[in-house]
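S.K.: Sequence plus predicted model, see below.
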Amino acid sequence: DSGVTQTPKHLITATGQRVTLRCSPRSGDLSVYWYQQSLDQGLQFLIQYYNGEERAKGNILERFSAQQFPDLHSELNLSSLELGDSALYFCASSVAGRVTDTQYFGPGTRLTVL
Amino acid sequence: AQSVTQLDSHVSVSEGTPVLLRCNYSSSYSPSLFWYVQHPNKGLQLLLKYTSAATLVKGINGFEAEFKKSETSFHLTKPSAHMSDAAEYFCVVSDDYQLIWGAGTKLIIKP
């Protein structure tokens, strides 16, 4: 168990809908990362937050947004969902947010868009 | 830009025999390199990382990797495979601000 929790575990929704994925980092970790894992694109970095502020942005679509709250948990919001958004979404956390820090991954949220 | 190539999508070995998972990277400067493992229906776990210290890096569960700058390689090895090693393995290189992930190698262990 990495200490990173993600809810929900599974999510099934329809095209055009909006969903929110939640992540709680390990105790003491200040940085949160979001990743998308799909069969055709592999693992892709979406966005990173450090202590409530956006630190880095990867291949995140404009329909997607995230935030990190004062208690350090993070939410990833996905809107106007398309079939191609079906994927496993991982959250990871690290102590200080440096690119060389060990990232601890949650179990993921499997999103299915019908 | 940094990139990473895992040379095999699948590797099959018998239990008790050596494991070799191959990874080549491309980088304009001396990178940090990682191997992560993903067991079925589980999250990802760091096996080991290289951050410009010793070129031979030892990780968890008996795995190790050697950074070879001249060959731009960071291959993962284990002397003796165990059934519990069956998983997908990802080679990762650091960019300025993010990790760049390889496509993964699925390790299959035959009894």
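M.R.: It's in. Numbers count the residues shown, from 1 in each chain, chains lettered A, B, ... in the order given.

S.K.: can you pull the buried residues of stretch B:23-33?
M.R.: Buried positions in stretch B:23-33, judged by neighbour count with 16 or more other Cβ atoms under 10 Å in any protein chain shown: B:Cys23, B:Asn24, B:Tyr25, B:Ser27, B:Pro31, B:Ser32, B:Leu33. Just so you know, the C-beta spots here come from the backbone N, C-alpha and C atoms, and that holds for glycine as well.

S.K.: so who does the residue nearest to the fourth one when sequence neighbours are not counted touch?
M.R.: The shortest distance from B:Ser27 to any residue that is not its chain neighbour, by Cβ to Cβ, 6 or more residues apart in numbering or on different chains, is 4.9 Å, and that residue is B:Gln2. Neighbouring residues of B:Gln2 by Cβ atoms under 8 Å, 6 or more residues apart in numbering or on different chains: B:Tyr25, B:Ser26, B:Ser27, B:Ser28, B:Pro31, B:Val93, B:Ser94, B:Asp95, B:Ile100.

S.K.: again, only using 6 Å
M.R.: By Cβ atoms under 6 Å, 6 or more residues apart in numbering or on different chains, the contact list for B:Gln2 reads B:Ser27, B:Val93, B:Asp95, B:Ile100.

S.K.: So which of these belong to strands?
M.R.: B:Val93, B:Ile100 (DSSP state E).

S.K.: Just give the number of residues close to residue 44.
M.R.: Let's take chain A. 17 (other Cβ atoms under 10 Å in any protein chain shown).

S.K.: please go with chain B instead
M.R.: Residues near B:Leu44, counting by other Cβ under 10 Å: 26.

S.K.: Also A:Thr112?
M.R.: A:Thr112: 13 neighbours (other Cβ under 10 Å).

S.K.: That one belongs to a strand?
M.R.: Yes - membership of A:Thr112 in a strand is supported by DSSP: H, G, I helix; E, B strand; the rest coil.

S.K.: Residues of chain B that sit close to chain A?
M.R.: B:Ser32, B:Gly43, B:Leu44, B:Leu46, B:Thr51, B:Ser94, B:Tyr97, B:Gln98, B:Trp101, B:Ala103 (Cβ under 6 Å from any Cβ of the partner chain).

S.K.: Surely the fifth one and B:Ser32 touch.
M.R.: The reference is to B:Thr51. Yes - contact criterion Cβ atoms under 6 Å: B:Thr51 and B:Ser32 qualify, at 4.6 Å.

S.K.: Could you name every residue contacting both of the two?
M.R.: Joint contacts of B:Thr51 and B:Ser32 (Cβ under 6 Å, 6+ apart) are A:Thr100.

S.K.: Quick test: name the residue nearest the centre of chain B.
M.R.: B:Trp35 (3.8 Å; Cα atoms, centre = their mean).

S.K.: what's the offset of the one helix or strand that one maps to from the middle of its chain?
M.R.: In the assignment (DSSP states H and E), B:Trp35 maps to strand B:33-38. Between the centre of strand B:33-38 and the centre of its host chain there is 5 Å, according to Cα atoms, centre = their mean, to the nearest Å.

S.K.: and the gap between the nearest residue to B:Ser3 once chain neighbours are set aside and B:Ser9?
M.R.: In this structure, B:Ser3 finds its nearest non-sequential neighbour in B:Ser26, 4.5 Å apart by Cβ to Cβ, 6+ apart. Going from B:Ser26 to B:Ser9 by Cβ to Cβ, to the nearest Å gives 19 Å.

S.K.: follow-up on the earlier one: going through the residues of chain B next to chain A, which ones are buried?
M.R.: B:Ser32, B:Gly43, B:Leu44, B:Leu46, B:Thr51, B:Ser94, B:Gln98, B:Trp101.
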